[in-house]
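In: Any chance you could fold what I've pasted below:
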Amino acid sequence: MRRRLFVSWYLALLVVSLIVFFVRRRRNAWTELYDITDMTLKEDGPAFDAKFGTKVAFFMETSGEGYLRPREVCAIESLAKTNPDMQAVLVFTYPVQNLNLRKNPTLAAVSRKMKNLHIVTMNSTKVLLNSPIFRQKLNILQQSKFPTVFLSDFLRVLLVYTFGGIYFDTDFIIFKDLSPLLEKNNFVTKPKGQPLVNSCVFSFERKHPFAEKLMKTVGERFNPKNYASAPAAFKVAVEDFFKMDLEQAIEKSPFEGVTVMDYIEFSPIFYYDFRQIFNESFVSLADEIVRSSYASHMWNYMGWSLKLDLNSKAPYAILARRFCPITVHNIEGGF
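Out: Okay, here's the model as predicted:
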């Protein structure tokens, strides 16, 4: 009886030990691949620079799902590919549910091959509660119709203000070396055909006064019913800073070290025409926007329902094959 009991305990202990071993092994492989760092925004400048350098592009995923669609991975790969001396920092907010190899095959492939990609996690609630500007907006944000959108709006301006760098939404494709633009350091851009200022791409030096003004205006002008609350707030901040309307500010730029760029550098596609990039009839559009622009906003939130054959001559497919080949090669399912 005692012997049987001893064998049972021994087998149970062996099973538990094996489970712990394989869990740790998997966790270690996962951490090594993704270079996971927990970002609090309390890091000082030298500590941040030591890990990520001084040329940084931020991307963000705020749904909590811990998953990027291939089109979103394409944005990050295109930055890392065309700007090898820049560090791409991809931020996932807590709770991260599925950040693992099985759920992110395209991201896993890109992260293995692009050594200038860093993936970090962030406790967004803790970060916003530590912000005098945004802590009072947290409850409103969580109850709003677009909580993940507004969370991203808040965190992106906090990130760029705190550490400096350029921010991109994950629905861009970057075509060129951004160094000539980043020499200007501090800029915002206007979308094509809209009287707003883009919140999907902007760049500032660390703790720049205008970045602080943007951050405060986004908080003060936050409208939980307006999907474009941040772009509207950006416009207010620009016009207040320049003391003139948006079009005059573009002509006046640079003003006190801040540039307002017209649409051509980053937004050559009018949102109303976004279907053209899925249409083979507009095959020449791909070369046109690569010649004229540094990158292009691809309007993914409007085009998720549109299926794309990556072997087609549609502009989006042409650009993906050219600027995010690792993503295209490792897609499981549709693009």
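In: In this structure Asn330 contacts Pro105, no?
Out: Yes: counting by C-beta atoms under 8 Å, Asn330 does reach Pro105; the two are 5.7 Å apart. (Each C-beta comes from the backbone N, C-alpha and C, glycine too.)
In: low pLDDT regions in this protein?
Out: 1-37, 42-43, 97-102, 333 (pLDDT under 70).
In: Please enumerate the strands of it.
Out: Under the criterion DSSP state E, strands of the chain are mapped to 37-39, 56-61, 87-93, 117-122, 165-168, 172-174, 187-189, 201-204, 259-261, 295-297.
In: Return the most buried member of those strands.
Out: Ranked by mean neighbour count under mean count of other C-beta atoms under 10 Å, the strands of the chain are led by strand 172-174, which reaches a mean of 27.
In: need the contact list for the nearest residue in space to Asn226 that is not next to it in sequence.
Out: In space, and not counting its chain neighbours, Asn226 is closest to Ala232: 6.6 Å by C-beta to C-beta, 6 or more residues apart in numbering. Applying C-beta atoms under 8 Å, 6 or more residues apart in numbering to Ala232 gives the contacts 196, 221, 223, 226.
In: now, which of those residues sits nearest Ile174?
Out: Nearest to Ile174 out of the contacts of Ala232 is Leu196 (C-beta to C-beta; 21.5 Å).
In: How many residues are close by that closest one?
Out: 17 (other C-beta atoms under 10 Å).
In: List the residues that contact it.
Out: Leu196 touches 190, 228, 231-232, 234-235, counting by C-beta under 8 Å, 6+ apart.
In: rerun at 7 Å
Out: Neighbour list for Leu196: 228, 231-232, 235 [criterion: C-beta atoms under 7 Å, 6 or more residues apart in numbering].
In: Now do it against Val89, distance only.
Out: From Leu196 across to Val89, the span is 26 Å (C-beta to C-beta, to the nearest Å).
In: same check, this time on Tyr67
Out: For Tyr67 relative to Val89 (C-beta to C-beta), the value is 18 Å.
In: now Glu77
Out: Glu77 sits 14 Å away from Val89, taking C-beta to C-beta as the criterion.
In: How about the contacts made by the closest residue to Leu181 other than its chain neighbours?
Out: Spatial nearest neighbour of Leu181, excluding adjacent residues (C-beta to C-beta, 6+ apart): Tyr294 at 6.2 Å. Tyr294 makes contact with 175-176, 178, 181, 265-266, according to C-beta under 7 Å, 6+ apart.
In: let's go with 8 Å and repeat that
Out: Counted by C-beta under 8 Å, 6+ apart, Tyr294 has contacts 174-176, 178, 181, 265-266.
In: quick one: which of the residues you listed sit in helices?
Out: Taking DSSP state H, the ones among these that sit in helices are Leu181.
In: Would you list the buried entries among the contacts of Tyr294?
Out: Buried by 16 or more other C-beta atoms under 10 Å: 174-175, 178, 181, 265-266, out of the contacts of Tyr294.
In: Quick check: the two most widely separated of these?
Out: Farthest pair in those, by C-beta to C-beta: Phe175 and Leu181, 12.0 Å.
In: any idea how far Lys126 is from Met60?
Out: Distance, Lys126 to Met60, using C-beta to C-beta: 16 Å.
In: How about Ser124?
Out: 10 Å.
In: Kindly state the beta-bridge partners for the residue nearest the centre of the chain.
Out: In the chain, the centroid-proximal residue (C-alpha atoms, centre = their mean) is Phe59; its distance is 2.0 Å. As for beta bridges, Phe59 partners with Leu90 under DSSP bridges.
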